[in-house]
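> Sequence and computational prediction follow.
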Amino acid sequence: MAIIEAAGLRKVFRSVERRPGIGGALAALFSRTYVEKVAVDDVSFALQPGELVGYIGPNGAGKSTTIKMLTGILVPTSGTLRVAGIVPHENRMANAANIGVVFGQRSQLYWDLPLRESFELLRSIYDVPRARYLENMQHFAEILDLERFLATPVRQLSLGERMRGDFAAAMLHDPKIVYLDEPTIGLDVVAKESIREFISMVNRERGTTVILTTHDLADVERLSRRIVLIDEGTVIYDGSLERLREEYGTHRVLVVTLAETYADVTVPGAEVQSRELNLVRLRFNRRELTAEALIRRVTERYEITDVSIIEPDIESIVRRIYLEGYHEGAVGAPS
Amino acid sequence: MTAAGPAGARRPAFRIEPYVQFAQKAMAREATYRFDVFTNVASVLVRVYLLRMVWVALYARNAAPSELPLHAIITYSAVALLMGLVMDIDQTRLLHDKLHDGSIATDFMKPIIVPLYLFADGGGEVLFHAALIVPSLLLALFIVHIDVPGPFVLAVFFLSCVLGYFVGFFVNFIVNMIAFWTLEIHAARLIVTWITDLFGGEIIPLVIFPPLLQTIAFALPFAAMFSTPLLIYVGVVKPDRYLEVIGLQVLWLAVLAAVAAVMWRAGARRVVVQGG
């Protein structure tokens, strides 16, 4: 049975239209015209318990709006939503007990209090049994290396420390589901890796269902097997990362270092993507041509000293989908 | 909790513990601003001294109103300033701040009753400052003489203070809730502060206002904050009127609580519909 079910989810915001200038601002005091903005148009998906899904899309695609509806603090304009059997906005408190949230841009820790006291407060809010609390604290402190700054007020923590604190805070009550909204934003490589390690552990060892929204596709590549792509409020792809790579990652790039400078470089079946003196990048479709065949064609025509192949990365695939839209089967059906 | 049955749609049982903790943490937070504590006490003492000078000068040139002789009005002012240590706190400022920076959303994502959380946090802050009344009172006694009424009057005064505190809480809560719609509430807060200063009886006892102004002042809820307990303390309101004035406080408390509840519902609805 699915733990999260969203069907035809839609959210329309109504806001006051702003007219330019002081005159416009004054006019707005007396008469207002409203503009409607469709933040989420039609989103449907289902998640099984223990799944880890990357929820990705460009800025303004409706990711955060979806997350807010899932947490129950935003009422959908239409559509249905069930999280662990609960309609979130109808039963905010019961839903809140089931979920954990981490926002990269916003902390849920108590600003003035030492980190440890924030945890104590959360223990009380979620009614976590003392023994379980201590067990979790010890575990998290170890993995996230919290011990050093447990006594520091949250406002004095660095971003990396604060994020680690936020992760521990979100997991303290063993939620069934966690929503992670851009949890690695602004972090350095080491901190990112430790956060990813933690997410992976929580999902693997505790069976927590995870929805992860991010702009850092490395997060997705590292953590999730399934991704849901959203653009302009609509789901445009829902499936495995591999399938996306299969369908969209059709083009590879062969990087060739020529032994001498040729006036003109052309190779049938490949397109010259760029050329800097002796370094040539050849883009080719792997469904039409094997790398071996292409290298043979190159060596038949030119003297070369070195070759390497660049595989398509998820980032370029996603960028392409945002630009062109997603089509089932993409460029040429897979053979 | 994870143990919440297969459907799990049950609302978690109410527990007071988290709110007690919120209050305790708020007290601890206030205690970290130590400098503030000293300046607060010092400011009360300075104002007690200044007000005494003002009243002495005014009474020397004018006929004293029969119900408030000089020693009574000085007592009134000193007790009012001590009450102000608690009553003047903008205790639900937290709501305004949270609406302003949008962090109210994370509170709604927790299994807590948000207004009760705000009340607990404000209550913790207030309790901490209430503890300052004792040293302030002792120091104030060096500057002025303060009359002390009998135990019965004192008991009614304390009851009236508590009611006044709740009236003040709701007035403050309502002002900060305006931020649900406007985000910025500086002007509204200033206006309410002025009106409270004038019509609450904190600075000038309402009984020395001209008759028309008195009628207006006593018809407003602000009188329930300072004036009612203070007039009980100095004996202007006699025991035969206790039921009437306390009843009026309770009435205002009920009205303001109802207004606050309606506003909260509408405001919270705005957050969940418009996303804060």
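It's in.

> sec struct for A:Val228, please.
The three-state label for A:Val228, taken from DSSP: H, G, I helix; E, B strand; the rest coil, comes out as strand.

> how deep is it tucked in, by neighbour count?
Counted by other CB atoms under 10 Å in any protein chain shown, the residues lying close to A:Val228 total 24. Where C-beta positions appear, they are placed from N, C-alpha and C, glycine not excepted.

> Contacts only, for it.
Taking CB atoms under 8 Å, 6 or more residues apart in numbering or on different chains as the criterion, A:Val228 is in contact with A:45, A:53-56, A:235, A:237-238.

> Wasn't A:Pro312 part of a helix?
No. The assignment for A:Pro312 (three-state DSSP) gives coil, which keeps it out of a helix.

> How about it: what's its closest non-neighbour residue?
Setting aside the residues directly before and after it, A:Pro312 is nearest to A:Gly249 in space (CB to CB, 6 or more residues apart in numbering or on different chains), at 3.6 Å.

> Can you give me the distance of the one you found to chain B?
Using CB to the nearest CB, to the nearest Å, one gets 36 Å for the distance from A:Gly249 to chain B.

> Look at that residue and say how many residues are nearby.
Other residues within reach of A:Gly249, judged by other CB under 10 Å, total 18.

> doesn't A:Ile310 make contact with it?
No. With contacts counted by CB atoms under 8 Å, A:Gly249 stays clear of A:Ile310, the gap being 11.1 Å.

> circling back to that earlier point, now intersect the contacts of A:Val228 with the strands, please.
When strands are assigned by DSSP state E, the members of these inside them are A:45, A:53-56, A:235, A:237-238.

> could you pull out the helices for the stretch 151-300 of chain A?
All helices of the stretch 151-300 of chain A, identified by DSSP state H, counting those that start in this stretch, fall at A:159-171, A:189-206, A:217-223, A:241-248, A:291-301.

> okay, those, which one's buried deepest?
Using mean count of other CB atoms under 10 Å in any protein chain shown, the stretch among those with the greatest mean number of neighbours is helix A:159-171 (a mean of 22).

> Surely A:Glu271 touches A:Phe284?
Yes. A:Glu271 is in contact with A:Phe284 according to CB under 8 Å; the separation is 7.4 Å.

> is the longest helix belonging to chain B anywhere near chain A?
In chain B, ranked by residue count with DSSP state H as the criterion, the top helix is helix B:242-274. Yes. Applying CB under 8 Å from any CB of the partner chain, one finds that helix B:242-274 is in contact with chain A at B:271-274.

> got the buried residues for that helix?
Residues of helix B:242-274 classed as buried: B:242, B:245-246, B:248-249, B:252-253, B:256-257, B:259-260, B:263-264, B:267-268, B:271-273 (neighbour count, 16 or more other CB atoms under 10 Å in any protein chain shown).

> And stretch A:123-142, by the same measure?
Applying a neighbour-count criterion of 16+ other CB under 10 Å, the buried positions in stretch A:123-142 are A:123-128, A:133, A:136-137, A:140-141.

> restrict those to contacts with chain B.
Counting by CB under 8 Å from any CB, the members of these that reach chain B are A:124-127.

> could I get those residues as TSV with distance to A:Gln108 and pLDDT?
Rendered in TSV, the data for these read as follows (distance: CB to CB, whole Å; pLDDT from 0 to 100):
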residue	distance to A:Gln108	pLDDT
A:Ser124	15	94
A:Ile125	11	94
A:Tyr126	12	94
A:Asp127	17	93
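
> Would you convert the residues you listed into TSV that also reports secondary structure?
Supplementary listing: those in TSV, determined by three-state DSSP:
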residue	secondary structure
A:Ser124	helix
A:Ile125	helix
A:Tyr126	helix
A:Asp127	coil
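
> quick revisit: which one's more surrounded, A:Glu271 and A:Phe284?
Relative neighbour count places A:Phe284 above the other of A:Glu271 and A:Phe284, with 23 against 13, counting by other CB under 10 Å.

> right, and the more buried one touches A:Gln273 too?
No. Shown here, A:Phe284 and A:Gln273 do not form a contact pair, counting by CB under 8 Å, at 9.7 Å.

> What residues does residue 163 make contact with?
Went with chain A since none was named. With contacts defined as CB under 8 Å, 6+ apart, A:Met163 is in contact with A:102, A:104, A:183-184, A:187, A:191, A:195.

> hmm, I had chain B in mind actually
Residues in contact with B:Leu163 (CB under 8 Å, 6+ apart) are B:224, B:228-229, B:246, B:249-250, B:253.

> closest to A:Met1 among those residues?
The shortest distance between A:Met1 and any of the contacts of B:Leu163, using CB to CB, involves B:Leu253 and amounts to 49.0 Å.

> Helix, strand, or coil at the residue nearest to A:Arg155 when sequence neighbours are not counted?
Residue nearest to A:Arg155 in three dimensions, not counting chain neighbours: A:Trp111, with 5.0 Å by CB to CB, 6+ apart. Classification of A:Trp111 into helix, strand or coil gives coil, according to three-state DSSP.

> Next up, the contacts around A:Trp111.
For A:Trp111, the contact set (CB under 8 Å, 6+ apart) comprises A:153-155.

> Now tabulate those in JSON lines and tack on neighbour count and pLDDT.
Output for these, formatted as JSON lines (neighbours: other CB atoms under 10 Å in any protein chain shown; pLDDT from 0 to 100):
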{"residue": "A:Pro153", "neighbour count": "18", "pLDDT": "90"}
{"residue": "A:Val154", "neighbour count": "21", "pLDDT": "91"}
{"residue": "A:Arg155", "neighbour count": "12", "pLDDT": "90"}
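
> No further queries at this time; thank you.
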